[in-house]
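# I'd like to go over a predicted model; first the sequence, then the structure.
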Amino acid sequence: MKNKGEILATILNDFKECYFFLHNTREFSIVEKIMDEGFIFESQLPHSTDRVNPNEPIEITYFFFQRKDYGLYTIVIAVPKATYDSYSDASNKYDTGMEEVMTITAPYLDENDEPVYTISPKHILGYFNIRTSEFFRNINWDPQFDNSLVKPPSKKTVKPDRQ
């Protein structure tokens, strides 16, 4: 019998040409919002996600163990390797961070003066329900989506208006 990490690794192996980032959340309404509107994160993607390799199911099992207190729903961000390379190239070309290239919204500073970015719902492969060990694919996921082809990155992070 496979453990939950092995189950998710088997599913992710069907998408071999992607890099995977996992994020847990408690609320199903948040899962739906992320799949529809994208994943909002502060500062750098590794601060809010864990990158995993489906060829190493122990990494995913360890993720579930380490992040169990963050909720029963695991968001799976899947960026095709070619797209990730395109983001890296654009990041180097424009001398800016990868997050600036990936974001689909203008970055802004939160109340702690940390930049906030949004990954497109087209990079959200779906979510894994840890309780039931079921994976649900996001209909918005698009392996052809490359934000660096849509717009050059913004080099300016703005503070939201405060009242």
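Nice, thanks for sending it over. Residues are numbered from 1 along each chain as shown.
# tell me the secondary structure for Val79?
The three-state assignment at Val79 reads strand, by DSSP: H, G, I helix; E, B strand; the rest coil.
# Now do the contacts for the closest residue to Ile124 other than its chain neighbours.
When the adjacent residues along the chain are set aside, Ile124 lies closest to Asn138, with 4.8 Å between them (CB to CB, 6 or more residues apart in numbering). Quick note: C-beta positions are derived from backbone N, CA and C, even for glycine. The contact partners of Asn138, by CB atoms under 8 Å, 6 or more residues apart in numbering, come to Met35, Pro121, Ile124, Leu125, Gly126, Tyr127.
# Tell me which of those fall in strands.
Ile124, Leu125, Gly126, Tyr127 (DSSP state E).
# Take the residues you listed and write them to TSV, including pLDDT and neighbour count.
Converted to TSV, the ones in strands among the contacts of Asn138 look like this (pLDDT from 0 to 100; neighbours: other CB atoms under 10 Å):
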residue	pLDDT	neighbour count
Ile124	98	26
Leu125	98	25
Gly126	98	19
Tyr127	98	26
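# can you give me the helices for the protein?
Taking DSSP state H to define them, one finds helices in the chain at 4-12, 28-37, 45-48, 57-66, 81-93, 98-102.
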